[in-house]
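>>> Build me a structure from this.
(2 chains)
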Amino acid sequence: MIRRRECNGGGNKVGGSIDRTAGALKQIGLSHTQFTILIGSRARRTQNSTSDIDVVRIGHLKPAKIGSRFRNQPISYTDYDIDTFLDLYERGSLFLYHIFKEGKLLEGSAEAWQWLKDHFRVRTDFKEDISRNRRFLQWLLKGTKYNGAVVPYLAHACRALKNLAIFSLAQNREYVFDKRAALRKAFPQLSDDVIALLVDASNRFERLSSPGLSRRFVDYDKIGRLNRQLALAVKPRRLHDR
Amino acid sequence: MIVDKDTLATLGAAAKSPEAYVSGSERQKLRAAFDFACSQITNHTLGFESQNRMMLRAKLNSLAVDEIPKDYSKLITILKKALKSAEPLYSSKAYQDDENEDIVQMRKFAKQGLKPLVDCIEQFA
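Next up, the predicted model:
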């Protein structure tokens, strides 16, 4: 169980704070540690047959030791050297909060991991992240960028909208990290059909292995309808969203 | 036009000032614009859109010379080079809020990959 503590501020690096965390770990005999963590749908046990295996590696680049049932499935790695990890830790990164909250430690000291979880303070001000993703979506909706680039267009729309959803919810102290759940919760006006199309395209575009493109993607009427829903979703709703 | 106006403008601006595209929404824009441009180019010249970055690269690399229309052979060669040098665009994932990026790598990508690509696309305007 994570003991969630919060801090304000936009994530500026505090001088010497990395050393403080590293020093504290050293004091309790947990320095020079490495971690491998399973995250995403596999960690939440909400995977389906096409789900990737998402793994975070901290302080090393060795292949993850995963169970035999996952063998032959593509692994998508996110890697941090220890300094970057400690920097994000001190800045209260929402992504690290996600890892601490839902991740399953595969390798590394359980004691050190627990210490890090117990002392983590997630930041609470995500206004900048919200505006950044909103600005991007507004740019995306201009013109006809999807012409000749349907899957990349939908994949980028999905990624930014998902980020906007996760950060907007986090701004209200709601922490939802599953793509579909976050989109549904943050943007109830989006139809299931649109969410399915976005997530499907994103999975096809981002995955290491991907099935061929179905013709149903190349449907500009559908993209027109989707864009109208997106335009409504990205409109600022509250003062802090602007 | 092989690549839509807005996408090409974003690539052109990034080729001129890569430092401005190292983080934040500008970086997000550049990454998307590059993906859109790659797909729009292959759609226009070879008749297929990108479904996945890795598959696009693999498909381009597997093309025989006679499968590429002569008028576009230079563009496809430059596109392949740009794709090869685009790694700095894809070095972070999900909603990570880490914006420490390598400016040197982005400049290298702009000079070696992006600028030649933008110049070549503009020749078809």
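>>> How about the contacts made by A:N72?
Residues in contact with A:N72 (CB atoms under 8 Å, 6 or more residues apart in numbering or on different chains): none are found. (Each C-beta comes from the backbone N, C-alpha and C, glycine too.)
>>> Below-threshold pLDDT in chain B: ranges please.
For chain B, applying pLDDT under 70 flags the ranges B:91-102.
>>> again, 90 this time
For chain B, applying pLDDT under 90 flags the ranges B:1, B:19, B:22-25, B:27, B:52-55, B:87-106, B:124-125.
>>> the helices in it, which residues?
Ranges of helices within chain B are B:5-16, B:24-46, B:53-61, B:73-84, B:103-109, B:115-122, based on DSSP state H.
>>> Which one of these lies nearest to A:F95?
helix B:24-46 (15.6 Å; CB to CB).
>>> in chain B, which residue is closest to the centre?
Central residue of chain B (CA atoms, centre = their mean): B:F34, 3.6 Å from the mean position.
>>> those strands in chain A, which residues are they?
Using DSSP state E, the strands of chain A run over A:5-7, A:35-39, A:53-58, A:75-80, A:104-107, A:121-123.
>>> of all the helices of chain B, which gets the most neighbours per residue?
Greatest average neighbour count among the helices of chain B goes to helix B:24-46 (a mean of 23), per mean count of other CB atoms under 10 Å in any protein chain shown.
>>> Show me what that one is packed up against.
With contacts defined as 3 or more CB pairs under 8 Å, 6 or more residues apart in numbering or on different chains; DSSP states H and E, the packing partners of helix B:24-46 are helix A:127-141, helix A:150-171, helix B:5-16, helix B:53-61, helix B:73-84, helix B:115-122.
>>> one more time with 6 Å, if that's ok
helix A:127-141, helix A:150-171, helix B:5-16 (3 or more CB pairs under 6 Å, 6 or more residues apart in numbering or on different chains; DSSP states H and E).
>>> Alpha carbons of the longest one, as CSV, please.
Provided in CSV are the C-alpha atoms of helix A:150-171 (Å, rounded to 0.1, in the frame of the first residue of the first chain):
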residue,chain,number,x,y,z
VAL,A,150,-4.8,8.1,-40.4
VAL,A,151,-3.2,5.7,-37.9
PRO,A,152,-0.4,8.1,-36.8
TYR,A,153,-3.0,10.8,-36.4
LEU,A,154,-5.3,8.8,-34.3
ALA,A,155,-2.3,7.4,-32.2
HIS,A,156,-1.0,10.9,-31.4
ALA,A,157,-4.6,12.1,-30.7
CYS,A,158,-5.0,9.2,-28.3
ARG,A,159,-1.7,9.7,-26.5
ALA,A,160,-2.3,13.4,-25.9
LEU,A,161,-5.9,13.0,-24.9
LYS,A,162,-5.0,10.2,-22.5
ASN,A,163,-2.3,12.5,-21.0
LEU,A,164,-4.8,15.3,-20.8
ALA,A,165,-7.2,12.9,-19.0
ILE,A,166,-4.7,11.6,-16.6
PHE,A,167,-3.3,15.0,-15.6
SER,A,168,-6.7,16.6,-15.4
LEU,A,169,-7.9,13.8,-13.1
ALA,A,170,-4.7,14.1,-11.0
GLN,A,171,-5.2,17.8,-10.7
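>>> For chain A, which residues are neighbours of chain B?
A:78, A:88, A:93, A:95, A:129, A:132, A:135-136, A:139, A:142-145, A:148-149, A:151-152, A:156, A:163, A:166, A:204-205, A:210, A:213 (CB under 6 Å from any CB of the partner chain).
>>> Show me just the buried residues among the residues you listed.
A:78, A:88, A:93, A:95, A:129, A:132, A:135-136, A:139, A:145, A:148-149, A:151-152, A:156, A:163, A:166, A:204-205, A:210, A:213 (16 or more other CB atoms under 10 Å in any protein chain shown).
>>> picking that back up, could I get the helices of chain B as a markdown table with distance to B:E67?
Formatted as a markdown table, those follow (distance: least, CB to CB, whole Å):
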| stretch | distance to B:E67 |
| --- | --- |
| helix B:5-16 | 25 |
| helix B:24-46 | 8 |
| helix B:53-61 | 10 |
| helix B:73-84 | 10 |
| helix B:103-109 | 27 |
| helix B:115-122 | 19 |
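>>> Out of those helices, the one nearest A:E174 is which?
Per CB to CB, nearest to A:E174 of the helices of chain B: helix B:24-46, 23.4 Å.
>>> Identify the residues contacting that closest one?
Here helix B:24-46 makes contact (CB atoms under 6 Å, 6 or more residues apart in numbering or on different chains) with A:132, A:135-136, A:139, A:145, A:148-149, A:152, A:156, B:2-3, B:7, B:10-11, B:14, B:20-21, B:48-50, B:72, B:79, B:89.
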